[in-house]
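Asker: Build me a structure from this.
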Amino acid sequence: MGWILRLVETGVDGSSRSVDVMAIDCPGDLGDIAALGLTLAQGKRLVALVQQEIVTAQIRDHAVRRPLCRSCGTACQLKDYRPHQIATVFGQVTLRLPRYRCAGCGGAEAGHGWPSHCRSTPELDQVRAQFSACMPYRVAAGVLEHLLPIDAGSDPETLRACTLKVGEELRGAAPAEPAVAASSITLTLDSTFIRSCEDGQRHLEIRLGNVETSDGARQVFAAVAKTDTAIEAMIRRGLREVGQTADTGIIAFTDGCSGLRSILIDAGVTTPPFLDWFHIAMRLQHAGKTAGTLPADTPEGETARAVIVAEVDRLRWRIWNGKAKDAKVTLERIRTVMPVFQGEQDSRKREPSSRRLWTALREIDRYLTSQSAWLVNYAERYRAGLRVGTSLTEGTANFLVNRRMTKSQQMRWSRRGADLLLQVRCAGL
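Answerer: Numbering: from 1, shown residues only. Predicted coordinates:
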């Protein structure tokens, strides 16, 4: 059993031209499921042949046209042809691009507006960048080579160069016009670190965040510190893309870092940011777990542990309901019962739980004292359906940075390469 696939070209004037693209032979007996339909190799070869025939027809029609000279406006004449190879999603195609010459002034015209040194189509560049943003370059090259009839540019270094080029274009892209204006915007800003491959630097700082509106519009942004990508410009572009106007109210959340607050001021967010609940809850959770490991070998120890666990829960309730000023009362109550565990011995691997608990409580006290001006009634905001922290940004950091750069792939990064890859990942998200 066999088929012949014929491609028919229909012109504007009603003329037609046909060409036989490929002959397919398949067994009529389906005793083996492997003989069902086309194989991957046949499908790749088919789309590659179709792509070449279509491109050949496009070039033939393009050569008939005569562009006008940009200098004198006279119709140009065909000068010669130059061979050119372009990599597309469906395989590399060979072209005979015509060159034109003006009979009046002698100027040369290319007849097309392609970028200089063009070797691939924008669609292929986008596909390469999208795969490279989600997996290592070598793995992405293997996936593309396996699934698509790409016979050019499948080297990992080619994919890396293509991805960084797309990142450069995205970094300088103009903000998109929003559909509607936003009445209020919630902005969250956080930072994380990745390993550096540059001399004298162990880690690179990444600033990232989200801007979102109540109707669901959302934009993410990220940039590596000390690069050409200004995080302040990214924030301003994100605000414009979700509909910021002169009357839009902006509520910002950070983890309390003074550097992040300075970035918000430089980006035009003058309203003081709130301290997000996520970082407070992490500290309280650590203190609560440590309190639960206190020894209860004696009746006094069991009573003291119950008191401490209850006071840590009460401390969480007070901060959640905007009563952080009463945190001193809770800490003093814990201090009065801590001497019960004074004789606790160190284990071979860890220090006593009482010492770890007191260290955690001192850290909470120091954190609340230094950040008291940015605390808010989180329970009231939560009941009103408003955001209370940067948990969304923490999830964004896990997707943008951790999955690609630190967790799944333990690798080191250059400052420029990490920054441009982040722009592609932000666009994909």
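Asker: Can you tell me the element Phe221 falls in?
Answerer: strand 218-224 (DSSP states H and E).
Asker: Pull out the buried residues from that strand.
Answerer: Arg218, Gln219, Val220, Phe221, Ala222, Ala223, Val224 (16 or more other Cβ atoms under 10 Å). All C-beta atoms are positioned from the backbone trio N, CA, C, and that covers glycine.
Asker: Select, from these, the two members most distant in space.
Answerer: Spanning the widest gap among the buried residues of strand 218-224 are Arg218 and Val224, at 21.9 Å by Cβ to Cβ.
Asker: for the stretch 151-300 of the chain, what spans make up the helices?
Answerer: Applying DSSP state H, counting those that start in this stretch to the stretch 151-300 of the chain gives helices spanning 156-171, 231-241, 258-266, 277-292, 299-320.
Asker: residues of the third one that come out buried?
Answerer: Within helix 258-266, the residues that qualify as buried by neighbour count (16+ other Cβ under 10 Å) are Leu260, Arg261, Ile263, Leu264.
Asker: Turn those into CSV, including pLDDT and distance to Ala373.
Answerer: Converted to CSV, the buried residues of helix 258-266 look like this (pLDDT from 0 to 100; distance: Cβ to Cβ, whole Å):
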residue, pLDDT, distance to Ala373
Leu260, 89, 15
Arg261, 90, 11
Ile263, 92, 18
Leu264, 91, 15
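Asker: So which residues of this structure form strands?
Answerer: For the chain, the strands defined by DSSP state E cover 2-10, 16-25, 76-88, 91-102, 108-109, 184-195, 203-213, 218-224, 249-254, 274-275.
Asker: By mean pLDDT, show me the worst of the ones you listed.
Answerer: The weakest mean pLDDT among those belongs to strand 108-109, with a mean of 74.
Asker: Who are the contact partners of Ile150?
Answerer: Ile150 makes contact with Ala87, Val89, Gly91, Gln92, Leu124, Leu144, according to Cβ atoms under 8 Å, 6 or more residues apart in numbering.
Asker: quick one: the helices in the stretch 301-429 of the chain?
Answerer: Using DSSP H, counting those that start in this stretch, helices in the stretch 301-429 of the chain cover 327-337, 353-370, 378-383, 391-397, 415-428.
Asker: okay, the ones you listed, which one's buried deepest?
Answerer: helix 415-428 (a mean of 22; mean count of other Cβ atoms under 10 Å).
Asker: Show me what that one is packed up against.
Answerer: Using 3 or more Cβ pairs under 8 Å, 6 or more residues apart in numbering; DSSP states H and E, the elements in contact with helix 415-428 are helix 122-134, helix 156-171, strand 203-213, strand 218-224.
Asker: send the alpha carbons of that helix over as CSV?
Answerer: C-alpha atoms of helix 415-428 as CSV (Å, rounded to 0.1, in the frame of the first residue of the first chain):
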residue,chain,number,x,y,z
ARG,A,415,26.1,37.6,35.4
ARG,A,416,25.0,38.4,31.8
GLY,A,417,23.8,34.9,30.9
ALA,A,418,21.7,34.5,34.0
ASP,A,419,20.1,37.9,33.5
LEU,A,420,19.2,37.4,29.9
LEU,A,421,17.9,33.9,30.6
LEU,A,422,15.6,35.4,33.3
GLN,A,423,14.1,37.8,30.8
VAL,A,424,13.1,34.8,28.6
ARG,A,425,11.7,32.9,31.6
CYS,A,426,9.7,35.9,32.7
ALA,A,427,8.2,36.3,29.1
GLY,A,428,7.3,32.6,29.1
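Asker: How far does it sit from its chain's centre?
Answerer: 7 Å (Cα atoms, centre = their mean, to the nearest Å).
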